[in-house]
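K.L.:
Just a sequence and a predicted model for now, questions to come.
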Amino acid sequence: MIYRKFGNTGEKISALGFGCMRFPEYEKDGTMYVDQDKVDEMIHEAYALGVNYFDTAPYYCNKNSEAAVGAAVKPFRDKVLLSTKIPLDVCKKPGDYRRQLESSLDRMGTDHIDFYHFWGISRREYDEIIKAQDLLADAQKAKEEGLIRHISFSFHDDPSAIKYIIDCSKERGIPMESMLVQYNLLDRSNEEMLTYAVSQGLGTVAMGPVGGGRLSAPTELYAKLTGKASIPTYELAFKFVLGNPDLNCALSGMQTLEMVKQNAALASSAEGFSKEEWAQLGESMEQLKKFSELYCTGCKYCQPCPAGIEIPKIFNMYTYHNVYGLKDTAQNMYDRYVKDGGKLLADCKNCGFCERKCPQHLQIRKELEKVEAVFRKER
Ligand code: SF4
Ligand code: SF4
């Protein structure tokens with residue numbers, strides 16, 4: 001495993017981090033459970049292969065992820081870095097930060113969290129919640145008491161807000177120590193801000209290194225981009241993210257033991273891209289991306305749609321069609337969706353929920369209209 005200096009935190013972080021949002025689950029009597037045996041197996045394997053950063057959050061896996069990770073890392077708790085998050089919508093009155101933190105500690109069965117993130121914040125939330133309630137002071141107090149070791153944030157907004165958040169926290173005298181942002185070959189919008197964060201001493205972690213799953217599908221993408229022999233697309237995606245020296249760790253939401261082994265092998269290989277290859281790849285990808293007018297990360301914040309429209313699924317088909325040129329695959333996916341009774345724009349109740357929730361600010365209804373027109377034409 002390759003380890004990188006994690007900003008000024010004094011930690012060394014593994015280049016591969018375990019994103020604990022896609023654990024295997026099962027249903028029993030209408031309740032969802034995490035398959036703890038499988039989680040234990042995956043996490044123990046990841047640890048044995050050198051992964052030392054495990055990232056969870058209170059709502060992941062039907063609210064079961066924190067407990068599952070906590071239980072799995074118990075035998076080596078002090079050898080790994082645990083990261084979780086505080087949802088800002090629970091912070092309404094004094095004491096809420098502390099209460100939320102204590103419930104996370106409780107669920108995880110640990111006496112401290114290594115990286116405690118303000119979860120998915122925007123500039124507006126920073127101003128209206130964190131600043132307004134001085135939550136940084138609460139975080140500092142928790143840090144002094146040893147309940148958290150580092151203050152962090154994860155982010156969904158315009159990249160310029162990253163600088164604002166880092167600078168304001170520094171001015172408050174309680175600097176952010178690490179950040180978790182979206183970054184992959186398809187979405188490099190935060191690249192400049194990664195460099196800024198590093199210059200300010202923050203550790204940096206990427207979520208979505210394989211583009212919400214789209215880059216994990218096997219394609220001839222590398223060959224298409226470089227004219228060289230093809231490599232699996234997930235390998236291309238990982239190497240691209242880890243090829244950025246301003247990125248300390250790439251999180252992967254691993255679902256199987258196989259994925260753990262595969263990703264750990266990539267993050268252990270010294271054979272990354274050369275600086276020139278990396279730059280060339282990025283450039284070629286940008287060109288390819290020009291063909292895409294739509295970008296959906298597959299985050300599912302727009303779900304559940306009251307009309308049952310599976311928006312991320314439909315957009316995913318469009319990305320296959322438009323970005324990667326996998327037209328037949330995409331058309332088959334669409335035809336199957338329709339055949340299985342999948343809902344479409346005609347079922348939309350125009351409630352606007354999806355567009356209010358979408359961190360990418362997509363005009364979802366308009367995009368659906370466009371996407372469906374493409375697939376209808378090709379049927
Ligand atoms: S506006 Fe339409 S597509 Fe969006 S959540 Fe409401 S019903 Fe679903
Ligand atoms: S909220 Fe937006 S980015 Fe996320 S899955 Fe829905 S459409 Fe895609």
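P.N.:
Perfect, I can see it now. Ligands and ions are numbered 1, 2, ... in the order given.
K.L.:
Now do the strands in the stretch 151-300 of the chain.
P.N.:
Listed in chain order, the strands found in the stretch 151-300 of the chain under DSSP state E, counting those that start in this stretch are 178-182, 203-207, 249-252.
K.L.:
Paired strands for the shortest one, with orientation please.
P.N.:
Partner strands for strand 249-252, per DSSP bridges, with pairing direction: strand 16-19 (parallel), strand 203-207 (parallel).
K.L.:
Go ahead and produce PDB holding the CA coordinates of the first one.
P.N.:
These are the backbone C-alpha positions of strand 16-19, laid out as PDB (Å, rounded to 0.1, in the frame of the first residue of the first chain):
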ATOM      1  CA  LEU A  16      -7.000   3.800  -0.900                       C
ATOM      2  CA  GLY A  17      -9.700   4.600   1.600                       C
ATOM      3  CA  PHE A  18     -12.700   2.400   2.400                       C
ATOM      4  CA  GLY A  19     -16.000   4.200   1.700                       C
END
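K.L.:
ok, residues contacting it?
P.N.:
For strand 16-19, contacts defined as CB atoms under 8 Å, 6 or more residues apart in numbering pick out 1, 42-43, 46, 51, 53-55, 205, 207, 249-254, 260, 263-264, 266-267. Every C-beta, even on glycine, is put in place using the N, C-alpha and C of the backbone.
K.L.:
now do the last one
P.N.:
Under the criterion CB under 8 Å, 6+ apart, residues 6-9, 11, 13, 17, 19, 53, 55, 154, 177-184, 194, 197-198, 241, 246-251 lie in contact with strand 203-207.
K.L.:
List only buried entries from the residues you listed.
P.N.:
Neighbour counting by 16 or more other CB atoms under 10 Å classes 6-7, 9, 11, 13, 17, 19, 53, 55, 154, 177-184, 194, 197-198, 241, 247-251 among these as buried.
K.L.:
Can you give me the end-to-end span of stretch 100-114?
P.N.:
15 Å (CA to CA, to the nearest Å).
K.L.:
What of stretch 167-176?
P.N.:
From its first residue to its last, stretch 167-176 covers 9 Å (CA to CA).
K.L.:
quick one: it to chain centroid distance?
P.N.:
Centroid separation for stretch 167-176 versus its chain: 24 Å, with CA atoms, centre = their mean, to the nearest Å.
K.L.:
cool, and stretch 79-92?
P.N.:
How far stretch 79-92 lies from its chain's middle: 14 Å, per CA atoms, centre = their mean.
K.L.:
Quick check: buried residues in it?
P.N.:
Using 16+ other CB under 10 Å as the test for burial, stretch 79-92 gives Val80, Leu81, Leu82, Ser83, Thr84, Lys85, Ile86, Leu88, Cys91.
K.L.:
Then stretch 109-126?
P.N.:
110, 112-123, 125-126.
K.L.:
of all those, which comes closest to Lys141?
P.N.:
Lys141 lies nearest to Tyr116 out of the buried residues of stretch 109-126, by CB to CB, at 12.1 Å.
K.L.:
In the stretch 201-350 of the chain, what residue spans correspond to helices?
P.N.:
Ranges of helices in the stretch 201-350 of the chain, per DSSP state H, counting those that start in this stretch, are 221-226, 233-242, 257-268, 275-289, 311-322, 327-339.
K.L.:
cool, the stretch 51-200 of the chain as well?
P.N.:
60-63, 65-73, 96-108, 123-125, 135-144, 160-171, 191-199.
K.L.:
out of the helices of the stretch 201-350 of the chain, which comes closest to Leu368?
P.N.:
Proximity to Leu368 (CB to CB) singles out helix 311-322 among the helices of the stretch 201-350 of the chain, at 6.5 Å.
K.L.:
Report the inter-axis angle for that closest one versus helix 275-289.
P.N.:
Relative orientation of helix 311-322 versus helix 275-289 (axes from the mean of the first three to the mean of the last three CA atoms, to 10 degrees): 100 degrees.
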